[in-house]
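> next input, structure requested:
(chains A and B)
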Amino acid sequence: MKGLIDFLNILLPILYITTFIFYYVDFMKGGKVVANSKRLLLFLTLIFHLFYLLFRTLFFEHPPITNVFEIFTVLAFAIGFSYFILELVTDIRGTGLFIIIISILFQLISSFFIQDLVQVKDVLKSNLLGIHVFSALLGYSAITISAVYGFLYLILYKEIKLNKFGLVFNRLPNLEVLEVLSFYSAVIGFILLTFAIIIGIIWLPKAFPNFSYLDPKLIGTSMVWILYGTGIASKVFGKWRGKKVVTLSIIGFVLAIASTMLTNFLAQSFHSFY
Amino acid sequence: MNLSAISINHHSASVDLREALHLSEEEIAELVAKIKGNVFSEGLVISTCNRTEIYGFPVNDKLLLPDIQKILAEHKSVKNISAENFQTFHSFSAIEHLFRVATGIDSMLIGDNQIFKQVKDSFQLAEDLSFTGVISKRIFDAAIKTGKRAINETLISEGAVTVSYAAVQLIEKIFSNLSKKSALVIGAGETGEIAAKHLRDRGIGRLSITNRTIERAEKIGSSLNAKILPFSKFKEFIHDYDIIISATSAPELILSKTDIENAMKHRNYSAMVLMDIAVPRDIDPASKKIEYVFYHDIDSLNIIVEQNLAKRREEIPKVEKIITEELDALMNWYHSLEAGPTIKSLRDYFEAVRAEEISKNKNRFSDDDQEKLDIITKRIINKILHQPMVELKKLSDNDSGSNEMAARISILREIFGIDKTKNKEENKE
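All right, here's what the predicted structure looks like:
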């Protein structure tokens, strides 16, 4: 099984890149054959990815959530899967390549650096941690999608303002749809992250009795949470709209990813497991 | 095929002449009553704002196309018209022209999807006026099929190619659900009216119209179920509208940047689309600098129109390929209406029926009787076919190439289902 896991580890980035190429060709040129094939290809890629995650869990006897590179491959899957469901439900097809590219990035980093950990730290053997990671991952995939749609909103907004009626204008859904998709994804992400934070706070004193409230992970997470909370509240109460809300979503996403990277690789944090 | 056609259209005549020769349904009926039987045995008259065309099978060979032009000009009492203002077509080139018209590639606006419906209506009218026959019906059916294929198999009718439709297309790139939006159309001229119609067609939630002459606004308003705003007061209400389309003939700006800024503050910067399709412009172009204001004038809308027209032009070769395929199919059918091929097809058909029945019932006869059975059944077939064959040969000698002969043979083929049987066999292969 180890050989199969290694093979899938190499195959997955190739599959995601191939799927991306199909989405790209459809975006640029259109055509029924490519349009139908791209969704099938994404589905197959996700099936392969699911098996990869299952094989890893069975072979290493723990779910792939114990270090950042394992988490990245789960995140790549979660983003791809969320988009797949979104495409099926909304039938909005012109945005896939912008989201799949994020899956490619996470999967590439994971495939390059992932190691075979058989031994897991005792502190990570907890059910609460499992729920924490699961909700955080889903939350991250939601805010990733929110940021991508926010970014597309800004591009289309600018193109329409500047009378540029090219590919972006012709292929993307309208501004209102992009704004709604970005906002609802942010709301889902915010709820899931809030849940992950609550679980984390319950788990934290049990796992690390000497933790500090000034830990970089806690500060970073709090900032991201406040940012999304402010953005969502402003939109709900009608103070902010459009550009401001989507910009906040993009900043929130960048901050969340930066916070994860920093606390895992650079800063001294309880969250550095690798 | 002795089909003839004349056409006056945007390639050959000015808009004045095209307008002068335009025929209403009643006028077409009068013209058909005049020419049916005297000039053409069967035919078709198409008249739209951009073209008037007459197709028909002349009752005698002496008829010249200038005669038909003359009849049309006299019918509409139009003088100062010459032969150069008409395009003329004969035989298969007339059918090809009809196919080009039906697919919209001969239209002023390439791929104009209205022309297909207009051509279809013209066919229906010809049928109602009993101006059609076996051959012309088949040609019209082929034209409709060609038009449908062009629409379904190519992008010839895709995208907005008029300024007012481009405005609606652009609005739909900003708002997702027009039924929840409100629109104000300023100016009730032709352009404003078309824009208002497009908005209504796209399901706009609330539509208002304002115009200097209130009667004109009321006239359009009642047909489109739109609210009328007095022109002197409309500025007080612009914040209520998500979409403003302006198409007046005012020589100066009627909405300043300050007006728009105030409206935006009032609506808490909820997105507003301003479509200024007037020349000279009605809305201060500086309004585009305001956040969440999407200001577009006729130049920016023309960019969309030009892009879509270019895309449609790229589709012309695909449409021409469809036309060629359908013309070939029609020609094959027409050539099958000659006596020689029909005699052979008829013989083949009867022989096939005979052979099939023989093979089905082979076991009921002894080996000795098999040969006798073959001889007897062949003799029966020959006797049944003798009289039709004689008649067909006679027809071929007397009326070769005539419409009447083609029509008779067509009926004969239809009665025995020869073409259907042939198609089935081809499909099996």
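> nearest residue to B:A33 other than its sequence neighbours?
Spatial nearest neighbour of B:A33, excluding adjacent residues (Cβ to Cβ, 6 or more residues apart in numbering or on different chains): B:L129 at 7.8 Å. (Each C-beta comes from the backbone N, C-alpha and C, glycine too.)
> ok, how many other residues are close to residue 88?
Reading this off chain A. Using other Cβ atoms under 10 Å in any protein chain shown, A:L88 is surrounded by 10 other residues.
> wrong chain, I was asking about chain B
By the other Cβ under 10 Å criterion, the neighbourhood of B:T88 contains 18 residues.
> give me phi/psi at it?
phi -120, psi 150 (degrees, to the nearest 10).
> let me see the contact set for it.
The neighbours of B:T88, taking Cβ atoms under 8 Å, 6 or more residues apart in numbering or on different chains as the test, are B:4-7, B:65.
> how about the helices in the stretch 51-200 of chain A?
For the stretch 51-200 of chain A, the helices defined by DSSP state H, counting those that start in this stretch occupy A:68-90, A:96-113, A:127-161, A:167-171, A:175-207.
> want to throw these into JSON lines with mean pLDDT and distance to A:R56?
What follows is the helices of the stretch 51-200 of chain A, written out as JSON lines (pLDDT from 0 to 100; distance: least, Cβ to Cβ, whole Å):
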{"stretch": "helix A:68-90", "mean pLDDT": "88", "distance to A:R56": "8"}
{"stretch": "helix A:96-113", "mean pLDDT": "91", "distance to A:R56": "11"}
{"stretch": "helix A:127-161", "mean pLDDT": "88", "distance to A:R56": "14"}
{"stretch": "helix A:167-171", "mean pLDDT": "86", "distance to A:R56": "36"}
{"stretch": "helix A:175-207", "mean pLDDT": "88", "distance to A:R56": "22"}
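> which one of the ones you listed lies nearest to chain B?
When the helices of the stretch 51-200 of chain A are compared by Cβ to the nearest Cβ, helix A:175-207 sits nearest chain B, at 4.0 Å.
> let me see the contact set for the closest residue to A:Y149 other than its chain neighbours.
Nearest residue to A:Y149, sequence neighbours excluded (Cβ to Cβ, 6+ apart): A:S182, at 3.8 Å. Residues near A:S182 by Cβ under 8 Å, 6+ apart: A:146-147, A:149-150, A:153, A:245-246, A:249.
> closest one to A:W225 out of those, please.
Taking Cβ to Cβ as the measure, A:W225 lies nearest A:S249 of the contacts of A:S182, at 13.4 Å.
> any idea how far B:L98 is from the closest residue to the closest one other than its chain neighbours?
Using Cβ to Cβ, 6+ apart and skipping the chain neighbours, the partner closest in space to A:S249 is A:G150 (4.3 Å). According to Cβ to Cβ, to the nearest Å, A:G150 stands 53 Å off from B:L98.
> so what's the residue nearest to A:S249 up against?
A:178, A:182, A:245-247, A:249-250.
> run a quick neighbour tally on B:G205.
Neighbours around B:G205, by other Cβ under 10 Å: 13.
> just checking, it touches B:N225?
No. Between B:G205 and B:N225 there is no contact under Cβ atoms under 8 Å: 11.5 Å.
> count of neighbours near A:A256?
So A:A256, with other Cβ under 10 Å, has 25 neighbours.
> just give me how far the strand or helix carrying it sits from the chain centre.
A:A256 is part of helix A:242-265 when elements are defined by DSSP states H and E. Here the centre of helix A:242-265 is set off from its chain's centre by 11 Å, with Cα atoms, centre = their mean, to the nearest Å.
> in that helix, what counts as buried?
A:242-243, A:245-253, A:255-257, A:259-260, A:262-264 (16 or more other Cβ atoms under 10 Å in any protein chain shown).
> what's next to that helix, contact-wise?
Taking Cβ under 8 Å, 6+ apart as the rule, helix A:242-265 contacts A:68, A:140, A:143-144, A:146-147, A:149-151, A:153-154, A:157, A:175, A:178-179, A:182-183, A:186, A:216-217, A:220-221, A:223-224, A:227-228, A:230-231, A:234-235, A:240, A:269, A:271-274, B:271, B:291-292.
> what bridges to the closest residue to B:G43 other than its chain neighbours?
Nearest non-adjacent residue to B:G43, counting by Cβ to Cβ, 6+ apart: B:G56, 2.8 Å away. Per DSSP bridges, the residues bridged to B:G56 are B:S4, B:G43.
> pretty sure B:G56 is touching B:L3, no?
Yes. Counting by Cβ under 8 Å, B:G56 touches B:L3, with 7.3 Å between them.
> the helix or strand hosting B:R138 - contacts with which helices or strands?
For B:R138, the element it lies in under DSSP H and E is helix B:134-153. In terms of contacts (3 or more Cβ pairs under 8 Å, 6 or more residues apart in numbering or on different chains; DSSP states H and E), helix B:134-153 is packed against strand B:40-47, strand B:51-58, helix B:91-103, helix B:113-128, helix B:298-335, helix B:403-416.
> what packs against the fourth one?
Taking 3+ Cβ pairs under 8 Å, 6+ apart as the contact definition, the neighbouring helices and strands of helix B:113-128 are helix B:25-35, strand B:40-47, helix B:91-103, helix B:134-153.
> just the angle for it relative to helix B:25-35, thanks.
Angle, helix B:113-128 to helix B:25-35, by axes from the mean of the first three to the mean of the last three Cα atoms, to 10 degrees: 50 degrees.
> so which bits of helix B:113-128 are buried?
Residues B:113, B:115-116, B:118-120, B:122-123, B:125-126 are the ones in helix B:113-128 that count as buried (16+ other Cβ under 10 Å).
> closest one of these to chain A?
Distance to chain A, by Cβ to the nearest Cβ, is smallest for B:N113 among the buried residues of helix B:113-128, at 19.2 Å.
> count of residues packed around the residue nearest to that closest one when sequence neighbours are not counted?
In space, B:N113 comes closest to B:S157 once its chain neighbours are excluded; the distance is 4.3 Å by Cβ to Cβ, 6+ apart. Using other Cβ under 10 Å, B:S157 is surrounded by 22 other residues.
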